[in-house]
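> coords please:
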Amino acid sequence: MKHSSVNRQPSVFKLPSEPACNLIQTMNDLSELEGHIKQLIDIEPRFAPIYQQLGVPSLRRNRGGFRELMRAMVGQQLSVAAASSIWSKLENAALITPDAIMKADDDTLRSHGLSRQKIRYIRSLVEHDIDFEALANLPDEAVISELTAVTGIGKWTAQMYLLFSLGRADILAVDDLAIKVGAMEVLGLDERPTPKQLERLTQSWSPHRSAASLLLWAHYGWLKDQEAVPV
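Okay, the predicted model is just below:
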């Protein structure tokens, strides 16, 4: 595939004429996370036992950008081991940058473990030519709209980028299994909530929902170690 044969599409969102920074809340270190947790507990005291038992969870921050989104795409619907193996092959072959993807033909990418569907997704990511630096200045919903314009990126992946790459402070992925199971335990529900129910039940946790997410993931991990968890 020749470099010139790919039509690079402009990014959907551009920086606003006036910065939207007043709409953006971030959480950049463990001290800030702990502050959010304590404020969350003031709102929802049922988080207190999780915090007392497990402490402050890891922020799990990453550098973001094309590489992180491509890696997320590679790992979709694969085991951790399988995704890691394919990523290592791509990394060793230097096939993890936009230019490298544009220059590689499909046969080359398939020979390094990518399915036809994943190739289509990753080429869409290249073609959208996202301005990753600009994302830091966009509000959460604008970032989600920007990222989900790429074929193969859904709302969950966009929310993970907001939380772990951009450090946004008020992200709760209501479609996430671990979040639903953890929330069911914390809120004392008889069954797993639907995404709409969970959105409604957790509105009062704002603007500390990223802290809630991290605590719920940690709690889910503890539950899995302790007993069988419904799937």
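
> Surely residue 204 touches residue 44?
Yes - Residue 204 is within contact range of residue 44, at 7.2 Å (criterion: CB atoms under 8 Å). Quick note: C-beta positions are derived from backbone N, CA and C, even for glycine.

> Counting neighbours, go ahead and name the busier of the two.
Neighbour count, other CB atoms under 10 Å: between residue 204 and residue 44, residue 44 has more, with 16 against 11.

> pLDDT wise, what is the more buried one at?
What the model reports as pLDDT for residue 44 is 97.

> Please apply the same query to residue 166.
The score at residue 166 is 97. That number is its pLDDT.

> Spit out the contact partners of it.
Residue 166 sits next to 26, 64, 135, 136, 143 when contact means CB atoms under 8 Å, 6 or more residues apart in numbering.

> repeat for residue 90
Going by CB under 8 Å, 6+ apart, residue 90 touches 74, 96, 112, 113, 114.

> Packing partners of the lengthiest helix in the chain?
In terms of residue count, the longest helix belonging to the chain (DSSP state H) is helix 209-226. Judged by 3 or more CB pairs under 8 Å, 6 or more residues apart in numbering; DSSP states H and E, the packing partners of helix 209-226 are helix 30-43, helix 48-54, helix 177-187.

> Give me the helices and strands touching the last one, please.
In terms of contacts (3+ CB pairs under 8 Å, 6+ apart), helix 177-187 is packed against helix 195-201, helix 209-226.

> Would you mark the buried spots in it?
Counting neighbours by 16 or more other CB atoms under 10 Å, one finds that the buried residues in helix 177-187 are 178, 179, 180, 181, 182, 183, 184, 185, 186.

> Quick check: the third one vs residue 150, distance?
In this structure, residue 180 and residue 150 are 25 Å apart, going by CB to CB, to the nearest Å.
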